[in-house]
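# Sequence first, predicted coordinates after that:
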2 protein chains.
Amino acid sequence: MSKKRLYIYDTTLRDGQQTQGVQFSTAEKHRIVAALDALGVDYIEGGWPGANPTDSAFFDEVGQTRATVTAFGMTKRAGRSAANDDVLAAVLNAGTPSVCLVGKTHEFHVTTALGITLEENLEAISSSIAHCVSQQRETLFDAEHFFDGYKSNPGYALGCVKAALDNGARWVVLCDTNGGTLPEEVGRIVREVIAAGVPGDKLGIHTHNDTENAVACTLAAIDAGVRQLQGTLNGLGERCGNANLTTLIPTLLLKEPYASAYETGVSPEAVEGITQVSRMLDEILNRVPMRQAPYVGSSAFAHKAGLHASAILKDPTTYEHIDPGVVGNRRVIPMSNQAGQSNLRRRLTEAGLEVETGDPALGRILERIKAKEAEGYTYDTAQASFELLARDELGCLPEFFEVKRYRVTIERRKNKYDQMVSLSEAVVVVKIGGEKKLSVSDSLDTDGHDRGPVNALSKALAKDLGPYQSVIDDMRLVDFKVRITQGGTEAVTRVIIDSEDGSGRRWQTVGVSANIVDASFEALLDAVRWKLIRDCGVARAAQ
Amino acid sequence: MSKKRLYIYDTTLRDGQQTQGVQFSTAEKHRIVAALDALGVDYIEGGWPGANPTDSAFFDEVGQTRATVTAFGMTKRAGRSAANDDVLAAVLNAGTPSVCLVGKTHEFHVTTALGITLEENLEAISSSIAHCVSQQRETLFDAEHFFDGYKSNPGYALGCVKAALDNGARWVVLCDTNGGTLPEEVGRIVREVIAAGVPGDKLGIHTHNDTENAVACTLAAIDAGVRQLQGTLNGLGERCGNANLTTLIPTLLLKEPYASAYETGVSPEAVEGITQVSRMLDEILNRVPMRQAPYVGSSAFAHKAGLHASAILKDPTTYEHIDPGVVGNRRVIPMSNQAGQSNLRRRLTEAGLEVETGDPALGRILERIKAKEAEGYTYDTAQASFELLARDELGCLPEFFEVKRYRVTIERRKNKYDQMVSLSEAVVVVKIGGEKKLSVSDSLDTDGHDRGPVNALSKALAKDLGPYQSVIDDMRLVDFKVRITQGGTEAVTRVIIDSEDGSGRRWQTVGVSANIVDASFEALLDAVRWKLIRDCGVARAAQ
């Protein structure tokens, strides 16, 4: 049996931008387009030209893509012709090969939100679609509120769909705009629409996650016969988000019955990049990636329960529905109070430390992790700090240097131009190879801007590392997360630092203190020590 | 037609604790039990007594509950009798009215993970269930890997289910342990199980979110006839989490066909508390609540698109599938570049500021928000800082005091006992009513512990507010979040502070600077100013 083709339509740049707190720059939009194009989606909706200056700038600069770049707009307003509607003209002027127009199909919205007659709305759909088709554009009709409209007045909702198709629309996308329709009902209504004579290969589905069913509703619509699915990366979108393509794409490629019945534009090689695409989007949004995200989350293949972890070591299929490598993700056996020694040995191996079963150091490491966790530390993600702790217990943590003391001063006052300015200054005293070194740095960058106390401390520390100087020169702090957490009976500050070096390596360290600068300094010191271990030829055999 | 009863089984304290980074204390478990009991779930699984010291302590202290508290364990090991299995004995010794035993139903797991024969496993199920029943416990059998097992060997998987029921199990819970089964298949297999003679009112469903379908799979199983559903608050759980009861409970109570066909132990009044229950769990876990969470997320009813926001102002049902108040949540019209003046006026009204349409201050406020967002500020959540900015443009922001300058010193060195200790000291110069006041504070709390530079600054500031002192006495900082973000072309630090006062009010403020202490101080100042506006009788008419 030949496979049916499914078309993937991405709306991260348009509906995704409706997410609270999300606003892409033009440059960011181009980065996302490149990633989507490499992934192999069929359509990339770039925005609403005319409605938003960023969107217009985007369309002016969009280059060659394999995917069909699509401009979004709405059907013409009542009381003017499609050719004379300036909003519609702005959409067509973006010059994209494809145009998607949203329009009403729910009588309540026609009469209440638009305040026009049902006939005027049908005419607006027909003439707008016909106008875009006459401009040689592949035209899509986004049937807003279709499912609610169909439940309220099936004849009218179907009439809107047919008006769009009769006027040359390539696709009609059935939208569950308010996100309230459940999967079983989506499937039933799509089957009824197809039974009423609308061909499935002209139908798309667009769902929202307000009942946590956006993915299931999309699958139900595919089961019922639609051939286009719309969604966003990481499920971005207004309110609870759109259908999550980061989940749907692996499901369609890897899970039955979809893998055997359908083909898409996404290759098995491309799907290996999906974890990276998901993380890139979070990086652009400056969000902490959602650990529990299906397929791509850092916890998606994390096995904490002792029984599960030991079975996984025997055979990964015991507790994994797919191989994490297929989506570019990896298996994690995190540390925790519930973790046994087999988890610990596995994690040590990942850090390049081979320890025999039964080595008494294993018990000591577990005890120390437990004690540190009670103080507010966490080693689930801070693998580099975990490694340093383990090396200390195993007697293979070289003491490169010792910090004897430091002092930081932060001042904020008016400068001679009567502006408020701030400046920090740090003094760090370090002992390296018996020699005490004292150095000082301010917090100004090369442009003379204040970068704060942690920067001053970091520069003062880095000034003084004598023989290790060149090794840490390519290190930089790329993320910095702070939370108030519980340490024993008191609230403490936990800092997690992400560092990166010239080779592209990225590692995480943790510091805990009631004092935020102190917690940062601790995480910073761990980051430097880990880098020195990796690059100074220490215990190289164990790496 | 009389409604069928659905039973809700919560496993937040057991399967939820398998989440990476989650470890509840006994006190936290008791807080969660109280919230679940008030919500009206039928069963609360408290943990695995014997496997974890916290779990054993929990069962020792659990008090009277309306819900049936359940202890989790596993079927006896091969080669010993149920009565002589110490692991099973520990579970029974917890003394709960109900016991849930997990066992294998997938032949691959029996032979590979356990390494026993299929017959030995059947005998383990039968005798373990019979033993618990003989001890007068309501007994549940958790059929691990049931769906994968059924697909591989339906006869054996069904045989395990029937062995449990034949020996007196009240419920057999069909588990999709690896989370890989899709909703359509879950529905089909449950129908086949019921057709094979297993009564639906003895069946439960337990799903995981590895394909983002845990909720949909649960609904599919209910549609097929099961009467018990298992899940966790906020979808906690190993890997991608369990079925999310925070989503399922409102769906079953508020959405059709469930609302008309079924009843649960959760009352309409109790479901109004579900947003608060969800936030409480995040507070215990010290997590930022997921904004996009269905029903309970802070964005779940947030309308950003200009067209949507203006329709919502006409009639909320245009873009909402339920009334947010029914689940204790609220509608949000956030600020953003896409927000028009009608959004802005709405948000000002929420802050108690009535501004006429067409007031030129509206345009100035929008411009200023745009400029601040470009510097790295965000006002989606920091409503208190938004209000101060708006008041400033509207000419109704009183200048209670002015901070002229401050200086903070952080030192870390050895004390006389040769321990590393740190101490901060802050000097703040404030002008109040023409009078300049200089005050100093260290960072030590009443127990003599260092609380860091922000604490020292906050105390120095609070020392000096003369007439306003008593107003801010009941303020405290309850959360503190820091991210590196983009401000113009440079990385800056954004601090969001949650403050609370004696009346239970909670408000959020934002500060941005390359200097983390400075950003914190800015957010702190905003928090103090907002509190003074609320409690000093300023512009009271506008509140």
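Arrived safely, thanks for sending. Predicted model only: the values in this text are computed from it and were never measured. Numbers count the residues shown, from 1 in each chain, chains lettered A, B, ... in the order given.
# Give the burial count for residue A:267, as a bare number.
Number of residues near residue A:267 (other Cβ atoms under 10 Å in any protein chain shown) recorded here: 12. No exception for glycine: its C-beta is placed from N, CA and C like everyone else's.
# ok, now how distant is the closest residue to it other than its chain neighbours from residue A:259?
Closest residue to residue A:267 apart from its sequence neighbours, by Cβ to Cβ, 6 or more residues apart in numbering or on different chains: residue A:40 at 6.1 Å. Computed as Cβ to Cβ, to the nearest Å, the residue A:40 to residue A:259 distance reads 15 Å.
# of the two, who's got more company?
More crowded of residue A:40 and residue A:259, by other Cβ under 10 Å: residue A:40, with 18 against 13.
# wait, what's in contact with the more buried one?
A:8, A:66, A:67, A:264, A:265, A:266, A:267, A:270 (Cβ atoms under 8 Å, 6 or more residues apart in numbering or on different chains).
# pretty sure residue A:112 is in a helix, no?
Yes. Under DSSP: H, G, I helix; E, B strand; the rest coil, residue A:112 sits within a helix.
# since we're on the residue nearest to it when sequence neighbours are not counted, how many residues are nearby?
Distances taken as Cβ to Cβ, 6+ apart place residue B:315 nearest to residue A:112, at 6.0 Å, with adjacent residues excluded. By other Cβ under 10 Å, the residues close to residue B:315 number 13.
# So residue B:315 sits against residue A:111, correct?
No. Residue B:315 sits out of contact with residue A:111 when judged by Cβ atoms under 8 Å, with a separation of 11.2 Å.
# returning to that earlier point: now the contacts of residue A:40 in CSV, with pLDDT, distance to residue B:207 and secondary structure?
Shown next, in CSV, are these (pLDDT from 0 to 100; distance: Cβ to Cβ, whole Å; DSSP: H, G, I helix; E, B strand; the rest coil):
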residue, pLDDT, distance to residue B:207, secondary structure
A:8, 98, 26, strand
A:66, 96, 37, coil
A:67, 97, 34, coil
A:264, 98, 26, coil
A:265, 97, 30, coil
A:266, 98, 26, coil
A:267, 97, 30, coil
A:270, 96, 29, helix
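# among these, who's most crowded?
Neighbour-wise, the contacts of residue A:40 (other Cβ under 10 Å) top out at residue A:8, 23 neighbours.
# Just the pLDDT for the nearest residue to that one once chain neighbours are set aside.
Sequence neighbours aside, residue A:41 is the residue nearest to residue A:8 in space, at 4.5 Å (criterion: Cβ to Cβ, 6+ apart). Residue A:41 is assigned 98 on the pLDDT scale.
# which residues sit in contact with the residue nearest to residue A:57 when sequence neighbours are not counted?
Leaving aside its sequence neighbours, residue A:57 sits nearest to residue A:26 (Cβ to Cβ, 6+ apart; 4.7 Å). Residues near residue A:26 by Cβ under 8 Å, 6+ apart: A:54, A:57, A:58, A:61.
# Quick one, which of these are buried?
A:54, A:57, A:58 (16 or more other Cβ atoms under 10 Å in any protein chain shown).
# Closest to chain B out of the residues you listed?
residue A:54 (7.8 Å; Cβ to the nearest Cβ).
# and for residue B:315 and residue A:111, which residues touch both?
Common neighbours of residue B:315 and residue A:111 (Cβ under 8 Å, 6+ apart) do not exist.
# okay, and for chain A, where does confidence drop off?
A:1, A:53, A:286, A:305-307, A:334-340, A:485-490, A:537-543 (pLDDT under 70).
# for it, which helix is longest?
helix A:516-535 (DSSP state H).
# what about dumping the CA coordinates of that helix to PDB?
C-alpha atoms of helix A:516-535 as PDB (Å, rounded to 0.1, in the frame of the first residue of the first chain):
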ATOM      1  CA  ILE A 516      23.700  35.500  46.100                       C
ATOM      2  CA  VAL A 517      27.200  36.700  45.300                       C
ATOM      3  CA  ASP A 518      28.700  33.900  47.300                       C
ATOM      4  CA  ALA A 519      26.500  31.300  45.700                       C
ATOM      5  CA  SER A 520      27.500  32.600  42.300                       C
ATOM      6  CA  PHE A 521      31.200  32.600  43.200                       C
ATOM      7  CA  GLU A 522      30.900  28.900  44.300                       C
ATOM      8  CA  ALA A 523      29.300  27.900  41.000                       C
ATOM      9  CA  LEU A 524      31.900  29.900  39.100                       C
ATOM     10  CA  LEU A 525      34.700  28.200  41.000                       C
ATOM     11  CA  ASP A 526      33.300  24.800  40.200                       C
ATOM     12  CA  ALA A 527      33.000  25.800  36.500                       C
ATOM     13  CA  VAL A 528      36.700  26.800  36.400                       C
ATOM     14  CA  ARG A 529      37.800  23.700  38.300                       C
ATOM     15  CA  TRP A 530      35.900  21.400  35.900                       C
ATOM     16  CA  LYS A 531      37.400  23.100  32.900                       C
ATOM     17  CA  LEU A 532      40.900  22.700  34.400                       C
ATOM     18  CA  ILE A 533      40.300  19.000  34.900                       C
ATOM     19  CA  ARG A 534      39.200  18.600  31.300                       C
ATOM     20  CA  ASP A 535      42.000  20.600  29.800                       C
END
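# Any idea which residue of the stretch 101-250 of chain A lies closest to chain B?
Counting by Cβ to the nearest Cβ, the stretch 101-250 of chain A gets nearest to chain B through residue A:180 (2.6 Å).
# So that residue lies in a strand, does it not?
No. With three-state DSSP as the criterion, residue A:180 is assigned coil and is not in a strand.
# Contact partners for the residue nearest to it when sequence neighbours are not counted?
Nearest residue to residue A:180 in three dimensions, chain neighbours excluded: residue B:321, at 2.6 Å (Cβ to Cβ, 6+ apart). Contacts for residue B:321 (Cβ under 8 Å, 6+ apart) come out as A:178, A:179, A:180, A:210, A:211.
# swap the cut-off to 6 Å and go again
A:178, A:179, A:180, A:210 (Cβ atoms under 6 Å, 6 or more residues apart in numbering or on different chains).
# So the spatially closest residue to the first one that is not a sequence neighbour, which state does it fall into?
By that I understand residue A:178. Closest residue in space to residue A:178, ignoring its immediate chain neighbours: residue B:321 at 4.4 Å, by Cβ to Cβ, 6+ apart. Three-state assignment for residue B:321 (three-state DSSP): coil.
# swap in residue A:293?
Going by three-state DSSP: residue A:293 is coil.
# Quick check: phi and psi at it.
phi -60, psi 130 (degrees, to the nearest 10).
# Same check on residue A:439?
phi -140, psi 160.
# and what of the one 10 residues further on?
The phi/psi pair for residue A:449 (degrees, to the nearest 10) reads phi -100, psi 140.
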